[in-house]
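>>> Let me see the structure of the following:
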Amino acid sequence: MSRAWVLLALLPLSGCVRPAEGRALKDLEIGRASGGGLSVTVEDGLAAVRGVESGALTLWGNAPAFRMRTTTAADAPEWWTLVVRNAMPDAELKAEAGSDGEALEVEDGPSLVPTVKTWRVRLRPGSEARLTVAPPDWDTPRPFRFAALADVQEALPRVGDIYARMNQDPSLRFIFFSGDLTEQGSREQLEEFQTRLEASRVPLYATLGNHETFTLDVPYHQFVGRGSQHFVFQGVRFTMLDTGNGTVDPVVEEQFDGWLEASRNAVHVVGMHIAPMDPIGVRNGSFSSRNEAAALVGKMARAGVDLTLYGHVHSYYAFSNAGIPAYISGGGGSIPETFDGVGRHYLTVDVDPAAGVQEVAVVRVD
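This next block holds a predicted model:
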């Protein structure tokens, strides 16, 4: 066999060695854009730029708080309208000049939907600025509650029932979503997911699942943002990992090592779609490699992770990962496991940055 034929024969195999590599590299570009005389960089990619044109910037937030740096051209407009979708209802905008730290003028705009925030900010043409979008208490350590949800998929037309139930709990700060927002991950389905999410009084911060990989161009990054990311809220650290292919790409694993190290002395919650290890073996609900799964779980245990949250299996299971409390909660409405009787559900998680995870409870919607 000639060398050319050998290379051709290996091409399909080489394409499968790192199936999540392309998404891991896309993650690194999230939050960067230019247009209309403005360049913007969202720190750590915690928001996706949905549009930038002269005098207007629109973002999709994927964390409770984020910072960005902007640079305006000399001929750029002085006043800019900033719209942040999927924002905390009590989020505020703070802006300061990048040169001297002077506070820049900010005006509140209309907010017809609790999670869509609008401001006008006065940016100096030809200069840099630092902007922060966050609730006033985001960096104050204190106990709070969030919801955990996954696997909506084909039940997207009915997900409003879940949001309505969540809206009855005023203590919930946000939804931590472990993948499979839609059935096929198409642009149309992602747009529908985000439109229906406006029925929720709190935002939803997500990673993708295997169903978001079913579309060749994977528009998830454009609509939602990173598949793997890390943020801090009220003293608790949160990590989302892209495990949509039953593996963690080496690019992401290197990032994860840094997030684990930074979180050693803090309460740390880790979420991903496919769990490293399937505790019950009802179907293919774990990593493709047992060695990789064991290594990742061991790494989390040594770093003192406090809680792991998973989806993919359309049911509810509570178990342990090397001593770490672990939950599979795939109750967003996708076809349930046969005869399990769980139905649609989500979890409420009470955390205290001084005392750890206090309680994880199942809330049944059906």
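>>> Quickly find the element holding the residue nearest the centre of the chain.
By CA atoms, centre = their mean, the chain has its centre lying nearest to residue 206, at 3.0 Å. Per DSSP states H and E, residue 206 falls inside strand 204-207.
>>> Quick check, the residue nearest to the centre of the chain in contact with residue 179.
Yes: assessed by CB atoms under 8 Å, residue 206 is found in contact with residue 179 at 7.1 Å. Yep, even glycine has a C-beta here, placed from its N, CA and C like the rest.
>>> all helices of the chain, in order?
Along the chain, counting by DSSP state H, helices occupy 3-17, 21-27, 160-167, 187-196, 220-223, 250-262, 290-302.
>>> packing partners for the third one?
Counting contacts by 3 or more CB pairs under 8 Å, 6 or more residues apart in numbering; DSSP states H and E, helix 160-167 is packed against strand 345-352.
>>> hang on, the earlier thing: what's the strand holding residue 206 in contact with?
Residues outside strand 204-207 that contact it (CB atoms under 8 Å, 6 or more residues apart in numbering): 61-64, 86, 149, 174-179, 181, 197, 224, 227-229, 231, 238, 240-242, 271-273.
>>> Likewise for stretch 54-62?
With contact meaning CB under 8 Å, 6+ apart, stretch 54-62 is reached by 35-38, 40, 42, 46-52, 76-77, 79-88, 133, 194, 203, 205-206, 223-226, 229.
>>> Weed out the non-buried ones from those residues.
Among the contacts of stretch 54-62, the ones that count as buried by 16 or more other CB atoms under 10 Å are 36-38, 40, 42, 46-50, 52, 76-77, 80, 82-88, 133, 194, 203, 205-206, 223-226, 229.
>>> Out of those residues, which sit inside strands?
Under the assignment DSSP state E, those contribute 38, 40, 42, 47-50, 52, 80, 82-85, 133, 205-206, 229 to strands.
>>> Would you mind confirming that residue 305 is in contact with residue 264?
No: under the criterion of CB under 8 Å, residue 305 makes no contact with residue 264, lying 9.7 Å away.
>>> Settle it for me: which of these two has more neighbours?
The neighbour comparison of residue 305 against residue 264 (other CB atoms under 10 Å) goes to residue 305, with 25 against 12.
>>> hmm, back to that, so which of the helices of the chain is the most surrounded?
Across those, averaging neighbours per residue (mean count of other CB atoms under 10 Å) puts helix 220-223 on top, at a mean of 20.
>>> What lies in contact with it?
So helix 220-223 is contacted by 23, 26-27, 29-30, 48, 50, 60, 185, 187, 190-191, 194, 208, 212, 227 (CB under 8 Å, 6+ apart).
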